[in-house]
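J.: Let's see this in three dimensions:
(2 chains)
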Amino acid sequence: MTLGLGCGWRPALAAYIHRRPWLTFVEVLAEELPAAGPLPLPLQQLLDRGCQVVVHGVTLSLGSAEGLDVRALDHLCRVAERVRAPLVSEHVAFVRAGGLESGHLLPLPRTDAALEVLAENVRAAQAVLPVPLALENIASPLEWPAPQYDEPAFLSALLSATGTRLLLDVSNLYAQSVNCGVDVETWLDGVPLENLAYVHAAGGTRRGGLYHDTHAHPLPAPVLPVVEALRRRTRLPGLILERDDRFPPAEELDAEFAALRAAAGLGGGEGGPGVAA
Amino acid sequence: MLQPDSGEARVGPASRRELAEAQAALARALLEGGPVPPGFDEARIRAVAESLAHKRLHAAARAWPQLSAALGTAWAARFAEHCAPRPLAVHHGPLCDGWWLAEALEAEGTLGDRPAVELLSVRLRFRRGDGGASPLGGWTWAHARTPRGTWWALRVGARVFTARTPWPHARPAPSPPPRPSSRSR
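T.: Have a look, this model is predicted:
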């Protein structure tokens, strides 16, 4: 499946995306779309013109030992059906525990117990999801004590146990390299790139000695070599640039797309950034 | 909560419970200022707790643009007073955060017109329950109080009818604008 170059669809970016036919797919946040009633008009127009729409969830909490949340899963299924998504994606993380909602993706211990909880929750989700599921590596400066696996081994075991595909976030990988000393090349050698579904990239900033994957700052230059390192190993089926806040002028986003397209080797498309219009 | 079929369950209940407790302890450390769980870096727990709090504040401001704009520089302090001591329960989010704050302002009589209309719009479209805010269908009515009067609204499907009492023209204007064509002149 080829997705090409895409953008995280946000209401504030709807006009930007609409005017860029070289964006061949978009990714919507499941939690931001209604399960019934009309879809946002600009999104409906993209669907009508044949743009592929992938659904991305952030609140399923697949790593929760308390069990999968039926409500979030049901919503994810409905939205996937509504936009005729070729696949849906979620995170290797938990977002709630002990009656508290964190509002963010929290890391899991890389242990057999967590792996089995994840695999069980993923299988339960797959049993009702209408399309294949891809799982994303997260960024977190927190490290659980006494890991039994490194992250690539943990992801590989999870993907192979569940038959899920990989959504590789290069910015999260970059964050892990800055904050936790992860070696990018070793990491990429350790994950099953033959299962790569698509790739995420986003901006971030350094604050208080840590790199924060904010999705609200420009794409940092050191993320591009991560994309290139990935490209040396495999063909990228698709790449999404995520921007959630502090939306920049169109030219700045165009330049980020051009840089990503070149680094990822995503040629083709009609017109577009970095290609003679 | 969906539990896996017994046929597929491989995680023993004990290790599942143990992991659930460890996740809850980490959540309490990050969201309630609970003790740092053994083996975690204390400085990093603090850094992540701060960034979660910042994200929560920012998400509420985005969900309540009129309320946060009306409070301006006081937004963060008022949020810290009314929302921060109250960690978000499962499925609660930025809509609930701003809702609490807007209601606190309504009760103390300092809710401006624009935030009042925003509160009205949320009350018309959502219901609050144990699972946070859930969308309302059909028809609803709601009101929101400001120091200058009460905003009323009726929603039928997607259509909304709004009015304010006392009627604006019935209020004595605090400082009547100059009217060049006025007969009093």
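J.: What's the per-residue pLDDT of the closest residue to B:Val156 other than its chain neighbours here?
T.: Spatial nearest neighbour of B:Val156, chain neighbours left out: B:Trp139 (4.5 Å); criterion: CB to CB, 6 or more residues apart in numbering or on different chains. In this view, the C-beta of every residue, glycine as well, is placed from N, C-alpha and C. Per-residue pLDDT puts B:Trp139 at 95.
J.: One more: the one 10 residues further on?
T.: Predicted confidence (pLDDT) for B:Gly149: 92.
J.: Number of residues surrounding it?
T.: 16 (other CB atoms under 10 Å in any protein chain shown).
J.: same question, B:His91
T.: 18.
J.: and it, which of the three is it?
T.: Three-state assignment for B:His91 (DSSP: H, G, I helix; E, B strand; the rest coil): coil.
J.: which non-adjacent residue is nearest it?
T.: Using CB to CB, 6+ apart, the nearest residue to B:His91 is B:Gly132, at 3.9 Å.
J.: and the one you found, bridged to which residues?
T.: Counting by DSSP bridges, B:Gly132 is bridged to B:Gly129.
J.: burial of it, as a residue count?
T.: By other CB under 10 Å, 18 other residues sit near B:Gly132.
J.: thinking again about what came up before, would you confirm that the residue nearest to B:Val156 contacts B:Ala153?
T.: No - judged on CB atoms under 8 Å, B:Trp139 makes no contact with B:Ala153 at a distance of 11.0 Å.
J.: Between these two, which has more neighbouring residues?
T.: Taking other CB under 10 Å, B:Trp139 and B:Ala153 do not tie; B:Ala153 has more neighbours (19 against 11).
J.: any idea how far that one is from B:Trp100?
T.: The gap separating B:Ala153 from B:Trp100 is 20 Å, by CB to CB, to the nearest Å.
J.: cool, and B:Arg164?
T.: B:Arg164 is 24 Å from B:Trp100, by CB to CB.
J.: and if you look at B:Pro87?
T.: On the measure of CB to CB, B:Pro87 and B:Trp100 end up 12 Å apart.
J.: Just list whatever residues bridge to A:Val88.
T.: Here A:Val88, judged by DSSP bridges, has bridge partners A:Val55, A:Leu133.
J.: For chain B, see how far away it is.
T.: As defined by CB to the nearest CB, to the nearest Å, A:Val88 lies at a distance of 17 Å from chain B.
J.: packing partners for the longest helix seen in chain B?
T.: Criterion DSSP state H: the longest helix present in chain B is helix B:42-63. Identification of packing neighbours for helix B:42-63 by 3 or more CB pairs under 8 Å, 6 or more residues apart in numbering or on different chains; DSSP states H and E yields strand A:100-106, helix B:13-31, helix B:75-82, helix B:94-108.
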